[in-house]
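**Student:** this one's sequence-less:
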Ligand code: NAP
C-alpha cells in the first residue's frame with residue numbers, strides 16, 4: 001500500500017532525526033537504509049512515531065510504499081554515495097518522481113544533478129546538527145521552484161520557527177540551496193574561530209579558568225552577542241570531565257579538522273573574487289591546529305610566547321566589543337560572497353530571506369541575524385558594514401577589536417580570524433590604498449599598464465634601465 005507522503009534514504013545521525021521530525025509533524029514516511037539492522041533499530045526506537053513510519057528492506061519496497069508523484073530524501077554522505085543512490089533509485093521511479101539531496105553536497109555537484117535531465121531533483125541544505133534535524137532545522141532549498149512547491153508544506157512544517165516564521169526557503173535554481181548552506185558553514189567556521197581566539201585571550205592572556213570563562217560567555221549570551229555558539233561555548237566551558245574532574249576544555253585535544261563545506265566556501269570565494277578573509281583565516285587556523293607536532297617543536301625552538309597581559313590591561317567588556325566587531329565583519333563578508341555568487345550564477349539569491357532562515361534552527365543562529373535581515377531588506381545590494389545600524393555598531397566597537405588584536409600580537413596569542421577581520425575593515429575604510437605600488441611593480445616588470453588618477457587607462461611608467 002502506497003501510503004507514505006515522503007520517503008527517506010539513510011538512517012544515520014541526520015537521516016534518523018529528520019525522519020522522526022517528519023513523522024512527528026504528522027506525515028507518513030517510508031524509510032530505507034543500506035544496512036537493514038539500522039532500519040530495524042530505527043523502527044524499534046521510534047516509539048509512538050513508529051505508526052507513521054514504514055520501514056522497508058529494499059529500494060523496491062521503499063518506492064512502492066510512497067504515494068505518487070513520489071518525493072524521496074537522500075541523507076547519505078556527500079559525493080559518490082549520492083550519485084550511487086540516484087543511479088540505483090531512478091530506474092525504479094516514475095518520470096515525475098522527485099529526489100531530494102539533503103546532505104552537505106558541493107553545489108557544483110547539485111548543479112550537475114539538477115541539470116542532468118534524469119528527473120526532478122532538489123538540493124537542500126539542512127543546518128542545525130542532529131538536534132536541529134529532529135526538532136527544527138534551518139532549510140535552504142535549491143532546484144526548480146515547482147519541485148520545491150511540491151514538498152514545501154513538509155519542509156516548512158519540520159523546519160525551525162523564528163517567532164512563528166518557518167526557517168525554510170527556496171533560494172533559487174540548481175545548487176543555490178547548497179551554495180547558501182556552504183557559505184553558512186564558512187561563516188560558522190569564522191564565528192567559532194573568533195570565539196576560540198577570544199577564549200585564548202582569556203585563558204592565556206588573562207589567566208582565567210574555565211568556569212570564569214563560562215560565566216563570561218553566559219553573560220555575553222544576554223547581550224548583542226546572544227547566539228547559539230556563544231551559549232554552547234559557555235556550556236562547554238562550564239562542563240567537567242567525569243573521569244578526571246577537570247574542566248572538559250582542559251582535556252580536549254587542541255586540533256580541529258576542516259572538510260567539505262568550509263573548504264569549498266574558501267575555494268569558491270577565490271573563483272568569485274569575493275573577499276572573505278576572516279572565513280579563510282578560520283579554515284587555515286583549523287589546518288594549523290592539526291599540526292600538533294610542529295607546534296610543539298615551535299614552542300621548543302622559539303620558546304613559549306609571553307602570553308600573560310599585565311593585570312588591568314584588558315577588560316572582558318573590551319573582548320565582548322571586539323567579538324561584536326569581528327562578528328559583523330565576518331557576516332558582512334559571507335553576505336557579500338552570496339551577493340557576488342548571485343550575480344555570477346544568475347540566481348537572484350534573496351539576501352534578506354537568507355538572513356531570516358538563519359535566525360533559528362541553524363548553528364549560526366543569533367540575535368544579530370534578525371537585525372541583519374532588517375538591514376538587508378532595506379538594501380540588499382550594500383555591504384552590511386555600511387547599513388546604518390551596523391555602521392554605528394562598528395564605529396563603537398572597532399577600537400576594541402584593534403586593542404585585542406594588538407595585545408594578541410604583542411603577547412603572542414594568535415588571532416588569525418579577528419586580525420583578518422580588522423585588516424578587512426581597515427582596507428574597507430581606506431579610500432587611497434596601496435595597490436598603486438603593485439600596479440607600478442607590474443608595469444615595471446611586465447608592462448601591464450596602469451590607470452592614472454588624473455585619467456586614462458593603459459599608461460606605462462618611465463622606468464628606465
Ligand atoms: P552518518 O551518521 O555517517 O550516516 C550516513 C548514512 O548514510 C548511513 O545511514 C549510511 O548507511 C548511509 N550511507 C553511507 N554511505 C552510503 C552509500 N555509499 N550508499 C548508501 N547509503 C550510504 O552521516 P550524517 O551525519 O547523518 O550525515 C548525512 C549527511 O548530512 C552528510 O552529507 C552530512 O554532511 C550532512 N549533514 C550532517 C550534519 C551533522 O551535524 N552530522 C549536519 C548537516 C548536514 P549505513 O548504515 O549502511 O552505513
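**Tutor:** Received it, and whenever you're ready, just let me know what you need. If you're wondering where the values come from, they're calculated on a predicted model, not measured in any experiment.
**Student:** and the helices in the stretch 251-400 of the chain, which stretches?
**Tutor:** The residue ranges that make up the helices of the stretch 251-400 of the chain, judged by DSSP state H, counting those that start in this stretch, are 261-272, 277-289, 292-302, 316-345, 351-357, 367-378, 388-410.
**Student:** of all these, which one comes closest to residue 240?
**Tutor:** With respect to residue 240, and counting by Cβ to Cβ, the nearest of the helices of the stretch 251-400 of the chain is helix 316-345 at 22.1 Å. C-beta coordinates here come from the backbone N, C-alpha and C atoms, glycine included.
**Student:** for the closest residue to residue 159 other than its chain neighbours, what are its contacts?
**Tutor:** Take residue 159 and drop its neighbours on the chain: the residue closest to it by Cβ to Cβ, 6 or more residues apart in numbering is residue 168, 3.7 Å away. By Cβ atoms under 8 Å, 6 or more residues apart in numbering, the contact set of residue 168 is 138, 139, 141, 152, 155, 156, 158, 159, 357.
**Student:** those into CSV, with extra columns for distance to residue 266 and pLDDT?
**Tutor:** Converted to CSV, those look like this (distance: Cβ to Cβ, whole Å; pLDDT from 0 to 100):
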residue, distance to residue 266, pLDDT
138, 22, 98
139, 24, 98
141, 24, 98
152, 32, 98
155, 29, 98
156, 31, 98
158, 31, 98
159, 28, 98
357, 22, 97
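**Student:** distance to the ligand and mean neighbour count added to the helices of the stretch 251-400 of the chain, as TSV?
**Tutor:** Rendered in TSV, the data for these read as follows (distance: least, Cβ to the nearest ligand atom, whole Å; neighbours: other Cβ atoms under 10 Å):
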stretch	distance to the ligand	mean neighbour count
helix 261-272	8	20
helix 277-289	16	23
helix 292-302	25	10
helix 316-345	17	23
helix 351-357	14	23
helix 367-378	18	19
helix 388-410	28	18
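**Student:** most neighbours of all the contacts of residue 168, which one?
**Tutor:** For the contacts of residue 168, the largest number of neighbours (other Cβ atoms under 10 Å) sits with residue 357, at 31 neighbours.
**Student:** do you know how far the residue nearest to it when sequence neighbours are not counted is from residue 245?
**Tutor:** With Cβ to Cβ, 6+ apart as the criterion, residue 357 has its nearest non-adjacent residue at 4.4 Å, and that residue is residue 167. When distance is defined by Cβ to Cβ, to the nearest Å, residue 167 is 40 Å away from residue 245.
**Student:** these two: which has the busier surroundings?
**Tutor:** Set residue 167 next to residue 245 and count neighbours by other Cβ under 10 Å: residue 167 wins out with 25 against 7.
**Student:** before we move on, the earlier item: so what's the residue nearest to residue 357 up against?
**Tutor:** Contacts of residue 167 were listed using Cβ under 8 Å, 6+ apart, and they are 136-139, 159-161, 356-362.
**Student:** how about the contacts made by the closest residue to the ligand within the stretch 351-465 of the chain?
**Tutor:** Here the stretch 351-465 of the chain gets closest to the ligand at one residue, residue 363, 8.4 Å apart by Cβ to the nearest ligand atom. Contacts here follow Cβ under 8 Å, 6+ apart; on that basis residue 363 touches 127, 128, 129, 132, 184, 188, 228, 229.
**Student:** just residue 187 next, same as before
**Tutor:** With contact taken as Cβ under 8 Å, 6+ apart, residue 187 is in contact with 279, 330, 331, 334, 364.
**Student:** now residue 157
**Tutor:** Listed by Cβ under 8 Å, 6+ apart, the contact set of residue 157 reads 25, 26, 27, 166.
**Student:** that one in helix, strand or coil?
**Tutor:** Assigned state for residue 157: helix (three-state reduction, DSSP: H, G, I helix; E, B strand; the rest coil).
**Student:** gap between it and residue 5?
**Tutor:** In this structure, residue 157 lies at 11 Å from residue 5, with Cβ to Cβ as the measure.
**Student:** quick check: the farthest pair among the contacts of residue 168?
**Tutor:** When Cβ to Cβ is used, the two most widely separated members of the contacts of residue 168 are 138 and 152, lying 14.7 Å apart.
**Student:** anything in contact with each of residue 157 and residue 5?
**Tutor:** residue 27.
**Student:** leaving out the residues flanking it, which one is nearest to residue 367?
**Tutor:** Spatial nearest neighbour of residue 367, excluding adjacent residues (Cβ to Cβ, 6+ apart): residue 226 at 4.1 Å.
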